[in-house]
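Chemist: Quick one, fold the following:
(one chain, ligands or ions: 2)
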Amino acid sequence: MPIFAANLTMMFNEWSFLDRFDAAADAGFRAVEYLFPYDHTPDAVGERLRRNGLTQALFNMPPGDWAAGERGLAALPDRFAELQAGVETALRYAEATGCRRLHLMAGLADAADPTAQASYRRAVEHAADALAERGIDLLLEPINGRDMPGYFLNDFTATERLIADLDRPNVRLQFDLYHRQILHGDCTMALSRLLPITGHVQIASVPSRHEPAGEELNYPFLFAELDRLGYEGFVGCEYRPRAGTLAGLGWFTPQRAIVTGA
Ligand SMILES: O=C(O)C(=O)[C@@H](O)CO
Ligand SMILES: [Mg+2]
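Modeler: Residues are numbered from 1 along each chain as shown. Ligands and ions are numbered 1, 2, ... in the order given. All right, here's what the predicted structure looks like:
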C-alpha cells in the first residue's frame, strides 16, 4: 500500500488547524499535506509534526489573495516580485517542517496567451532553481476547470511536455487522480506512463470529491497499480469527507506499523 498523507485542509476540519495534526496521527496517518500553513508560524507547524511523528509530504507556495479568488501567481506577469517573495516564505516553512516537495500554483490566466505562458515558464524556472539549492522538488499540478474555472494549468499533456522541455530533475508532476479523471480519464495508463515524472499523487472520488471509495474510480485497483509500478512516494488524501472525517475512514488501513516497522 502507498503511504497516505491526510490533507489537513479538507480532512479533520472538526478540529482547529493545529489540532488536525494530532487527530490525523491518532487516526493512524504517518504523513500530512495541506494547502497553506501561512496563518501559523513555521515553528508551531514543525512542533506539531514532531510531536506526532508525522512527515510533511507537501504544501503549496503562497497563492496571492486566495480569499479574493486568486489561485496562484506564476502565470501573472505583473506579480513576479510577489512570487519571488512567496518562494522564500515557502522555503522557510519547508525548512521548519522538513518538507521535500512544494506545489507552485499557476493562477487564473488564458492557457493560450503567450504572455501568460512566458510568465509561467519564468516563474517555474525561478522556483525550480531556488528549490534545487535546498534539494526540494517543485510540483506542477493540472487542475480541472470545473473546480477552478480559468485555471492556467489545465492539461496533463501540456504539463508533461513542459516538464520534459524544462529538463530539470526537481520539476515533477503532481498527479491528482481526481483532476486526471475529470480532464482526460484513462487514469491507469496515464499513471503507468507518467509515474517516472510524478513526484506526488492525490486522490478523491469522482465526481463528488468525497472519500476514495465507490463512484467512477476503482481505488483498490489503482492502489494495487501504484504498488505494481513501484511508486514509493506519498498519496495525498485530498477529499472532503462525506459525513465526518473519522466516520469516513472505512477505506483506510491505519499505517503506523508500515512506516515504523513496528
Ligand atoms: O486543488 C487541488 O487539487 C490541489 O492539489 C491544491 O493544491 C490546489 O489548490
Ligand atoms: Mg490536488
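Chemist: Can you name the residues that contact the residue of the stretch 1-150 of the chain found nearest ligand 2?
Modeler: Nearest residue of the stretch 1-150 of the chain to ligand 2: E141, at 5.5 Å (Cβ to the ion). Every C-beta, even on glycine, is put in place using the N, C-alpha and C of the backbone. Contact analysis of E141 by Cβ atoms under 8 Å, 6 or more residues apart in numbering lists H103, M105, L153, T159, L173, Q174, D176, H179, Q202.
Chemist: repeat that with 7 Å
Modeler: Contact partners of E141, counting by Cβ atoms under 7 Å, 6 or more residues apart in numbering, are H103, L153, Q174, D176.
Chemist: Which one of the residues you listed is nearest to ligand 2?
Modeler: For the contacts of E141, the residue nearest ligand 2 by Cβ to the ion is D176; the value is 3.6 Å.
Chemist: The stretch 101-250 of the chain against ligand 2: which residues are in contact?
Modeler: Taking Cβ under 5 Å from the ion as the criterion, the stretch 101-250 of the chain approaches ligand 2 at residues D176, Q202, E238.
Chemist: Just give me the closest of these to G230.
Modeler: Q202 (18.7 Å; Cβ to Cβ).
Chemist: Identify each buried residue in stretch 46-58, please.
Modeler: G46, E47, R48, L49, N52, L54, T55, Q56, A57, L58 (16 or more other Cβ atoms under 10 Å).
Chemist: Inside strands: which ones of those?
Modeler: Here DSSP state E is the test, and those give T55, Q56, A57, L58 as lying in strands.
Chemist: Please identify which pair of the residues you listed lies farthest apart.
Modeler: Longest span within those, Cβ to Cβ: T55 and L58, 10.1 Å.
Chemist: Where does the prediction get shaky in this protein?
Modeler: 256-262 (pLDDT under 70).
Chemist: mind listing the helices for it?
Modeler: Per DSSP state H, the chain carries helices over the ranges 17-26, 42-52, 80-97, 114-132, 156-166, 177-183, 187-194, 219-228, 256-260.
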